[in-house]
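Asker: sequence plus predicted model, see below.
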Amino acid sequence: MPIDESLAFVPVNVAILTVSDTRSLADDCSGQTLADRIVAAGHRLAERRVVADDADLIESVLREWIADTEIDVVISTGGTGLTGRDVTPEAFVRVIDKEIIGFGELFRLLSYQKIGTSTIQSRAVGGVAGGTYLFALPGSTGAVKDGWDDILRFQLDARHLPCNLVELMPRLQEQRR
């Protein structure tokens, strides 16, 4: 995955949403891991919150951040499994204008190489809503590392060739004009 160093790096504003009934900001290892990686890559951490596994609460925060012109990307961690409390993908579907199907597919492919068939339990999802990119990752620190290190770090770098999500940002709301 080539990075063209002759191109300018374009920092984006990223919000992190941790979905958990048991975590707080103080003990949110996955969210902190993601925050550290985002900042180390040169991006701005625009906001960070923890909400309970409740589809209405998740949807509310997503809608708030989608409406915020200072947030370009929302990445969530947690709530993508199969238990009754895992409702993050359902909340995302409520707000997504266009699904980025390849994100979930690629995440599971990469995850399969590390955890084998257990990857079928992941419902990682990506999409666009109101010009904001949305990505839902599983809640484990390993999954956050895989999602950021192997996919999002590159797609959120304007220097990544042959193409990346950053270069599409000015055009995400063309149909709305």
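Answerer: Alright, I've got the coordinates.

Asker: give me the nearest residue to Gly31, chain neighbours excluded.
Answerer: Excluding the flanking residues, the one nearest Gly31 by Cβ to Cβ, 6 or more residues apart in numbering is Thr18, at 4.1 Å. All C-beta spots, glycine's among them, are computed from the backbone N, C-alpha and C.

Asker: what of Glu99?
Answerer: In space, Glu99 is closest to Gly127, 4.6 Å off (Cβ to Cβ, 6+ apart).

Asker: burial count for that neighbour?
Answerer: 21 (other Cβ atoms under 10 Å).

Asker: how about Gly84?
Answerer: Neighbour tally, Gly84, other Cβ under 10 Å: 7.

Asker: contacts only, for it.
Answerer: Not one residue lies near Gly84 by Cβ atoms under 8 Å, 6 or more residues apart in numbering.

Asker: where's Leu17, which helix or strand?
Answerer: Assignment of secondary structure by DSSP states H and E places Leu17 within strand 13-19.

Asker: contacts for that strand, please.
Answerer: 25, 28, 30-31, 34-35, 38, 43-53, 58, 61-62, 65, 68, 70-79, 88, 139, 156.

Asker: same check on stretch 51-58?
Answerer: So stretch 51-58 is contacted by 17-21, 61, 76, 78-79, 85-88, 90-92, 94 (Cβ under 8 Å, 6+ apart).

Asker: sorry, back to before: mean confidence for the strand holding Leu17?
Answerer: Mean pLDDT, strand 13-19: 98.

Asker: partners of it in the sheet?
Answerer: Strand 13-19 has its sheet partners listed here by DSSP bridges as strand 44-51 (parallel), strand 73-77 (parallel).

Asker: quick one, helices of this protein?
Answerer: With DSSP state H as the criterion, the chain has helices at 29-40, 55-67, 88-95, 101-115, 141-147, 153-155.

Asker: show me what the fourth one is packed up against.
Answerer: Packing contacts for helix 101-115, counted by 3 or more Cβ pairs under 8 Å, 6 or more residues apart in numbering; DSSP states H and E, involve strand 125-129, helix 141-147.

Asker: repeat that for the third one.
Answerer: Other elements packing on helix 88-95 under the criterion 3+ Cβ pairs under 8 Å, 6+ apart are helix 55-67, strand 125-129, strand 132-137.

Asker: kindly report the same for the first one.
Answerer: With contacts defined as 3+ Cβ pairs under 8 Å, 6+ apart, the packing partners of helix 29-40 are strand 13-19, strand 44-51, strand 73-77, helix 141-147.
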